[in-house]
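Asks: predicted model, plus sequence, below.
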Amino acid sequence: MKILLIYPRWPKLKNQPAFNLPPLGPVTFAATLPHDVEISFYDENVEAVNLEEESDLVAISCMLTCQIPRGCELADWFRKHGRTVIFGGIAAMLHAEEVASRADSVFLGEAEGRMEAVLDDFKNGRLKKTYNFLRDFPDTALIGAARRGILKHPLYNYRGVRMVDLVHASRGCRFNCFPCCTPYLGGRKFRPRPLDKVAEEIAGIDNNRLFFVDNSLAQDDQWEKDLFKTLAPLKKKWISHPIKNDDEILKLAAEAGCWYVYQAVFDTSDYIRERIKKYKSYGIGVEGTIILGTDYQDQDSIRRLIDFLQEIELDLAEFTVLTPFPHTPIREKLEREGRILHNDWIRYTAGEVVFRPALMSPDKLQEMYEYAWTEFYRSTCKEMKMAKLFIEVIKKEKADGSYRGANCKTQNRCR
Ligand code: SF4
C-alpha cells in the first residue's frame, strides 16, 4: 500500500527566517503506520507536490491554521480526480468540521496504535468519515521513533548547513495559557515518554543539533532532571521551550547540551530580567517570544517592552500578533466581546492583526508589530544575531568533541 503524505504550504512572513525546519508531525504520523506502507512525502514549503504521483490514499497533515485553506484546496483537487483523502494533524483537530466537509475522512487525536485499524477500514471499503480520538490519549510508550527517512533533508539546509531536527520527549501541558490550544489538543496532563525510548530515538538521529518541541520542559522537576541526565552522554546540542528556573535543573540542562531556549517575555518585570540573566549565567542563550496586542498593551507599553528587550540582551526575539486560534481561551473571550474581524484562516499567521485590540486600532497594532521587529534588530540584524548563537553552539561542540564541521556533508539520505 502506498500513501501520498502532504504537508501543505503556508504564507511565509517577511520577518521569518529564510530556512524551513523539517516538520515533526508528518514523520511522527509516519511512524504510526505499518512498516510495509510505502510513503511518499511532500512538504510544500520546500518543494512542489507531484499531483500526478499515484498512491492508494492521500493523507494531508496540517499543523497550522493557515495551512487549512491550502490543505482543503489540495483535497478538492485530489477528490475531483477520484482519489481518497484523509486529514490529520493539530490544525485538522482545530478545524475538524471544516476539513471533514472537504475530505473522505478526518483523523482527530493522536495516531499511535490506531492506524492499522484505519487502514484496514480503508482497504475493506468502510473508511469512516471521522475517527475521533480527541482526549483519548494513547500510552506514550507506543510513540515510536519518528520516521525521518521520508524527509528530503537537503531541502532544509540553509547556506549548506543542516538545520535542527525536531524531536519530542513528552506531550500534554499542565498549564492553560490564554492564547494556547494545547490544553484542548493534548490535555492538561503532562504525559512524558519513557526516557529510554527518547534516548534511543535521539541516538539514532544523524544530526548533532535538535529542537525539543515539547510544550514546556518545566512541568515536573524530577522528570526534567532525569531527562537531562539521560541526554548528557549523547552530546547533542539542543533548543527547547522553557526550562524550570532552578539552579540544579539549569546546570543539568547546560551539561546536557542546552544551546538556547524560547522563553515567553510578557512584561518588563524584574522576574523576567532575572530569569533571562539566570539562563545566560549557565551559558544558555535566550530567544524571547513576545506576543503583541494583549488587552493591557498600548503603543507606549510596546515601545517600553522593546527597550526592555534590548536592555536584558536577549539573543533573539520573535514577535507575533495575538491571534485567536480556534479552541483557545482568548478566542472564546474575543468572540464573546465581538472583537474578531474575520475567519479568513490563511491570514491567521500570527503576523497579521485579525481582531480589534483593546487599547489601539488594528492598524496601529499592525504598525507596532512592524516597529517591534525593526527596532529590536536595528543595531544588529537578525542574521548577525543568529550567527552569534551559531558560534556558541560550535564552541560547545568543540569543547566536548562532538563538532562535525560547519557544512552539511552527510545529508543526502532522502527516503
Ligand atoms: S503556552 Fe505553553 S505552557 Fe502555556 S498552555 Fe500552551 S503549551 Fe502550555
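Replies: Now that the structure is in, tell me what you want to look at. Numbering: from 1, shown residues only.
Asks: residue contacts, the residue positioned nearest the centre of the chain?
Replies: In the chain, the C-alpha nearest the mean C-alpha coordinate belongs to residue 213, at 6.0 Å (CA atoms, centre = their mean). Residues counted as contacts of residue 213 (CB atoms under 8 Å, 6 or more residues apart in numbering) are 24, 166, 167, 168, 241. Bear in mind the C-beta positions are built from the backbone N, C-alpha and C, glycine included.
Asks: look up how far residue 113 lies from it.
Replies: Per CB to CB, to the nearest Å, residue 213 is found 21 Å from residue 113.
Asks: the ligand contacts on the protein?
Replies: Taking CB under 6 Å from any ligand atom as the test, the list of the chain residues beside the ligand reads 173, 175, 176, 177, 180, 182, 183, 215, 216.
Asks: could I get the residues you listed as JSON lines with distance to residue 90, pLDDT and neighbour count?
Replies: Below are the residues of the chain next to the ligand laid out as JSON lines (distance: CB to CB, whole Å; pLDDT from 0 to 100; neighbours: other CB atoms under 10 Å):
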{"residue": "173", "distance to residue 90": "13", "pLDDT": "94", "neighbour count": "22"}
{"residue": "175", "distance to residue 90": "17", "pLDDT": "92", "neighbour count": "13"}
{"residue": "176", "distance to residue 90": "17", "pLDDT": "90", "neighbour count": "12"}
{"residue": "177", "distance to residue 90": "16", "pLDDT": "92", "neighbour count": "17"}
{"residue": "180", "distance to residue 90": "12", "pLDDT": "94", "neighbour count": "17"}
{"residue": "182", "distance to residue 90": "9", "pLDDT": "92", "neighbour count": "19"}
{"residue": "183", "distance to residue 90": "13", "pLDDT": "90", "neighbour count": "19"}
{"residue": "215", "distance to residue 90": "12", "pLDDT": "92", "neighbour count": "23"}
{"residue": "216", "distance to residue 90": "16", "pLDDT": "92", "neighbour count": "21"}
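Asks: need these in TSV with secondary structure, can you?
Replies: What follows is these, written out as TSV (DSSP: H, G, I helix; E, B strand; the rest coil):
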residue	secondary structure
173	coil
175	coil
176	coil
177	coil
180	coil
182	helix
183	helix
215	coil
216	coil
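Asks: who does residue 57 form a beta bridge with?
Replies: Here residue 57 sits in beta bridges with residue 3, as judged by DSSP bridges.
Asks: same question, the one 4 residues further on
Replies: Bridge pairing for residue 61 (DSSP bridges) gives the partners residue 88.
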